[in-house]
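**Student:** Everything below, folded, please.
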Amino acid sequence: MKLRLDIPYAPEHGERGRLDLFLPDHASKRPVVVVIHGGALREFSKERVAGWAEFIVEQGWVAANINYRLLSDAPYPAALQDVLAAYQWIQSTDQEDLCRQDRNRIALLGGSAGAYLAMTAGLMLGRDQVRSIVSISGPAQHSRFVEGSLADEVDSRLLLAPIELVGPHAPPLLATHSRNDTLVTPDESVAMVERMREAGCSAEIHLYDGPGDLHGIWRDDHTPLRLFEHIEEVIRTFLLKTL
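**Tutor:** Just a heads-up that it's a prediction; the model follows:
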C-alpha cells in the first residue's frame, strides 16, 4: 500500500481542506472510494477512519480519505460544500496517482454525520457522477447535527436532507445500522431505503444487533479502528456490484 498524506484539495481551508490517498501498490485504472468521517460535524478528522481506507485498499481500490470544515470552522453547509469540492478535485486534478485511476467510477462512503454528507452529496451529484453510496449509521432526515448552525443566504438545495433529495437518478445505496443505536436510530436508514425503493432506485439495508446503544460499529482488536467484519463484508459485496 502507498500513502499520499495531507494533499490539499481546498488549500484555503488549511488542514480541513486536505485529504489522504491510500493506494494499492502499482495501482492503475482502479475505482476511487471517498471516505468521510463522522463526529456530528463538530469533531474528529480523517485519521479517525484511516482503517476504513485501509479496508478499501485491501479490496484493490483507491481510497480518498477527506477532512472537511467542522461547525467550529464554518456553519453548515460548509461541510457539504467541502465534500463536493473534494469530489470535483478528485475528478479534475492532475495529481499523478489519481490520473492513473478510473475516475469515472467513484463511490462515497461515510459514517454517522459523514454518512449524512455522503448521501447528500451523492444524491446531488446523481448516478451519472457517483456509482454508489454507503451510509454507515447515517441520519437521512433533517439532522440535529446542523440545526441552529446554518449559514445565511445559501442555495436552499444545499440545506435539503438526503431523504428529500431522492429522485430517479439516485445512485445505488447501501445503509448499515445497528438496531440498538440510540444516537442515530435505525428508522432513519429504514425510511431512507424505503424512499429510495419507492422512487424506483436500488437500495439495500443491513440491520444488525450491535453492542451498546451507540452506533455499534467498531472492532476492539484493530488499530487503526476498523468496522466489524460483517459490516465490511456487506460493504465489500455491495461495492463489488456497483463500482
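
**Student:** now the strands: where do they sit in this protein?
**Tutor:** 2-8, 18-23, 32-36, 62-66, 106-111, 132-136, 173-178, 203-208 (DSSP state E).

**Student:** orientation of the longest one relative to strand 62-66 in degrees?
**Tutor:** Computed with axes from the mean of the first three to the mean of the last three CA atoms, to 10 degrees, the direction of strand 2-8 lies at 30 degrees from that of strand 62-66.

**Student:** so strand 2-8 versus strand 18-23, what angle?
**Tutor:** Using the same axes, to 10 degrees, strand 2-8 lies at 160 degrees relative to strand 18-23.

**Student:** which parts of strand 2-8 are buried?
**Tutor:** Within strand 2-8, the residues that qualify as buried are Ile7, counting by 16 or more other CB atoms under 10 Å. In this view, the C-beta of every residue, glycine as well, is placed from N, C-alpha and C.

**Student:** who's in contact with that strand?
**Tutor:** Around strand 2-8, the neighbours that count as contacts under CB atoms under 8 Å, 6 or more residues apart in numbering are 15, 17-25, 27, 95, 97.

**Student:** ok, back up a step: could you provide the strands of the chain in TSV, with additional columns for distance to His215 and mean pLDDT?
**Tutor:** Putting the strands of the chain into TSV (distance: least, CB to CB, whole Å; pLDDT from 0 to 100) gives the following:
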stretch	distance to His215	mean pLDDT
strand 2-8	26	97
strand 18-23	22	98
strand 32-36	15	98
strand 62-66	19	98
strand 106-111	7	98
strand 132-136	8	98
strand 173-178	6	98
strand 203-208	11	98
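
**Student:** could you redo those strands as a markdown table and give each row distance to Trp218?
**Tutor:** Shown next, in a markdown table, are the strands of the chain (distance: least, CB to CB, whole Å):
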| stretch | distance to Trp218 |
| --- | --- |
| strand 2-8 | 22 |
| strand 18-23 | 19 |
| strand 32-36 | 15 |
| strand 62-66 | 17 |
| strand 106-111 | 10 |
| strand 132-136 | 11 |
| strand 173-178 | 11 |
| strand 203-208 | 13 |
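
**Student:** still on that earlier bit, among the contacts of strand 2-8, find me the one that's closest to Thr176.
**Tutor:** For those, the residue nearest Thr176 by CB to CB is Phe22; the value is 20.8 Å.

**Student:** is the closest one in a bridge, and if so with what?
**Tutor:** Applying DSSP bridges to Phe22 yields these beta-bridge partners: Leu3, Ala63.

**Student:** Can you pull out the low-pLDDT segments for this structure?
**Tutor:** 143-145, 147-148 (pLDDT under 70).

**Student:** Let me see the ranges of the helices in it.
**Tutor:** Taking DSSP state H as the test, the helices found in the chain are 50-58, 78-92, 96-99, 113-125, 162-165, 187-198, 229-242.

**Student:** Could you identify which of those helices is most buried?
**Tutor:** Counting by mean count of other CB atoms under 10 Å, helix 113-125 has the highest mean neighbour count of those, with a mean of 28.

**Student:** What is that one packed up against?
**Tutor:** Applying 3 or more CB pairs under 8 Å, 6 or more residues apart in numbering; DSSP states H and E, one finds that helix 113-125 makes contact with strand 32-36, helix 78-92, strand 106-111, strand 132-136, helix 162-165.

**Student:** Out of these, which gets nearest to Ile205?
**Tutor:** Nearest of the helices and strands packed on helix 113-125 to Ile205, taken as CB to CB: strand 132-136 at 9.5 Å.

**Student:** Within the sheet, what are the partner strands of the closest one, with directions?
**Tutor:** The pairing partners recorded for strand 132-136 under DSSP bridges are strand 106-111 (parallel), strand 173-178 (parallel).
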